[in-house]
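# I'll drop the sequence and a predicted model, then ask my questions.
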Amino acid sequence: MVWLPAPLVTKTAKALVPAPYAHVWPMILASVIIFLAYRFFVLRIERRPMSELSSPGALRELGYGIAVGLLMQVFLFVALLLLGVYHIDGFAAPGLGMLGVVPFYVGVALLEEMVGRGVIFGISSRAWGTVWGVVISSAFFGLVHAPNVGANPIGVLTCTAFGMLFAAAYMATGRLWICIGIHFAWNFAQSQIFSSLVSGTSDGTGVIHGHLTGPVWLTGGTFGSEGSVVALLLALLGVVAVMTKMMVTGPRAVRTKRSALS
């Protein structure tokens with residue numbers, strides 16, 4: 001119910017609307033439908049408050065997530081540059097084309113966080129506990145990206161590790177806004193700033209015109225920089241950092257949802 005509106009709307013638009021407009025209003029429409037479907041699921045099926053998407057503090061948390069996602073991409077490409085596999089060919093001024101893909105990456109972040117963390121992590125953690133919730137939702141996130149063009153084992157593991165990172169951030173805050181911010185900024189910066197493919201699906205044309213050359217395990221190959229072992233290590237470091245913080249604050253998402261259902 002929550003997942004299907006995205007492919008239905010976007011595939012229909014791709015067949016009827018010429019690029020690049022197929023990335024703009026169809027993804028906005030899909031995002032609205034996804035949100036309404038998720039709202040219906042939470043309020044009518046789970047019968048609980050939708051606290052994970054409440055508006056107070058949302059902009060602050062979203063901004064924090066965006067900053068974290070951008071910094072992670074900077075660290076990734078600086079490391080790849082120092083390792084000699086990322087080469088800068090030139091630069092381009094930011095244009096309206098960058099704004100045109102924003103709805104697409106916003107829609108992707110909303111969809112995958114609402115389904116991956118809000119639905120799958122929520123259900124599995126309440127049924128079998130937090131550990132299994134993290135395992136199942138992270139495995140789902142990795143496998144969703146496995147059919148993408150150029151997918152490789154490291155890339156799937158990286159996406160799985162990011163699933164763990166998002167689950168940890170969700171537990172630490174009890175909300176989805178930071179997860180959505182990190183998810184959006186990671187994808188957007190990867191494509192629109194550093195010109196890398198995003199899970200093998202983006203054109204990879206950004207402000208910094210660059211390319212990756214070298215072994216697939218280090219560059220990611222046709223899957224993009226997410227298939228690099230450096231991205232995997234970066235994601236795992238993020239998991240460790242958030243889990244360390246959560247040891248102090250506690251898993252608020254699990255506690256809040258269980259109390260709401262009791």
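Noted; the coordinates are in hand. Numbers count the residues shown, from 1 in each chain.
# drop to CA atoms for contacts and neighbour counts, all remaining ones
Fine.
# Where do the helices of the stretch 51-200 of the chain begin and end?
58-82, 96-100, 102-113, 122-128, 130-145, 153-173, 177-192 (DSSP state H, counting those that start in this stretch).
# In JSON lines, list the ones you listed along with distance to G220, mean pLDDT and mean neighbour count.
JSON lines is the format used below for the helices of the stretch 51-200 of the chain (distance: least, Cα to Cα, whole Å; pLDDT from 0 to 100; neighbours: other Cα atoms under 10 Å):
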{"stretch": "helix 58-82", "distance to G220": "11", "mean pLDDT": "96", "mean neighbour count": "18"}
{"stretch": "helix 96-100", "distance to G220": "23", "mean pLDDT": "75", "mean neighbour count": "12"}
{"stretch": "helix 102-113", "distance to G220": "20", "mean pLDDT": "90", "mean neighbour count": "22"}
{"stretch": "helix 122-128", "distance to G220": "31", "mean pLDDT": "92", "mean neighbour count": "16"}
{"stretch": "helix 130-145", "distance to G220": "14", "mean pLDDT": "95", "mean neighbour count": "20"}
{"stretch": "helix 153-173", "distance to G220": "7", "mean pLDDT": "95", "mean neighbour count": "25"}
{"stretch": "helix 177-192", "distance to G220": "13", "mean pLDDT": "95", "mean neighbour count": "26"}
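# is it true that G150 touches T222?
Yes: in terms of Cα atoms under 8 Å, G150 counts as a neighbour of T222; the distance is 4.7 Å.
# any common contacting residues for the two?
G200 (Cα atoms under 8 Å, 6 or more residues apart in numbering).
# Pop the domain breakdown of the protein in here.
1-48, 58-261 (automatic domain parsing).
# Between the two ends of the shortest one, how far is it?
Right, domain 1-48. 18 Å (Cα to Cα, to the nearest Å).
# Tell me how confident the model is about it, as a mean pLDDT.
For domain 1-48, mean pLDDT rounds to 82.
# chain center to it, what's the gap?
Here the centre of domain 1-48 is set off from its chain's centre by 16 Å, with Cα atoms, centre = their mean, to the nearest Å.
# and what of stretch 181-195?
9 Å.
# what's the spatially closest residue to G116 that is not a sequence neighbour in contact with, if anything?
Spatially, and ignoring its direct neighbours in sequence, G116 is nearest to S137 (5.6 Å; Cα to Cα, 6 or more residues apart in numbering). Neighbour list for S137: 116-117, 120-121, 124, 163-164, 167 [criterion: Cα under 8 Å, 6+ apart].
# L111 touches L4, doesn't it?
No: when contacts are counted by Cα under 8 Å, L111 is not listed as touching L4 (9.7 Å).
# how near is T173 to P56?
From T173 to P56 the distance is 13 Å (Cα to Cα).
# how far away is the most centrally placed residue in the chain from L36?
Centroid-nearest residue in the chain, with Cα atoms, centre = their mean: H183, separated by 3.0 Å. Computed with Cα to Cα, the distance linking H183 and L36 is 20 Å.
# just L176 next, same as before
L176 is 16 Å from L36, by Cα to Cα.
# again, but for L82
From L82 to L36 the distance is 45 Å (Cα to Cα).
# and what of S124?
22 Å.
# surely the residue nearest to the centre of the chain meets L111?
No: at 10.6 Å, H183 and L111 do not qualify as touching, with contact defined as Cα under 8 Å.
# ok now stretch 200-215, how far from the chain's centre?
So, by Cα atoms, centre = their mean, the centroid of stretch 200-215 is 18 Å from its chain's centroid.
# what does it rub up against?
85-94, 148-151, 190-198, 219, 221-224.
# which parts of that stretch are buried?
For stretch 200-215, a neighbour-count test (16 or more other Cα atoms under 10 Å) marks 200, 202, 204-212 as buried.
# Serialize these to a markdown table and add fields for pLDDT and secondary structure.
Output for the buried residues of stretch 200-215, formatted as a markdown table (pLDDT from 0 to 100; DSSP: H, G, I helix; E, B strand; the rest coil):
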| residue | pLDDT | secondary structure |
| --- | --- | --- |
| G200 | 76 | coil |
| S202 | 69 | coil |
| G204 | 68 | coil |
| T205 | 78 | coil |
| G206 | 86 | coil |
| V207 | 92 | coil |
| I208 | 93 | strand |
| H209 | 91 | strand |
| G210 | 90 | strand |
| H211 | 90 | strand |
| L212 | 93 | strand |
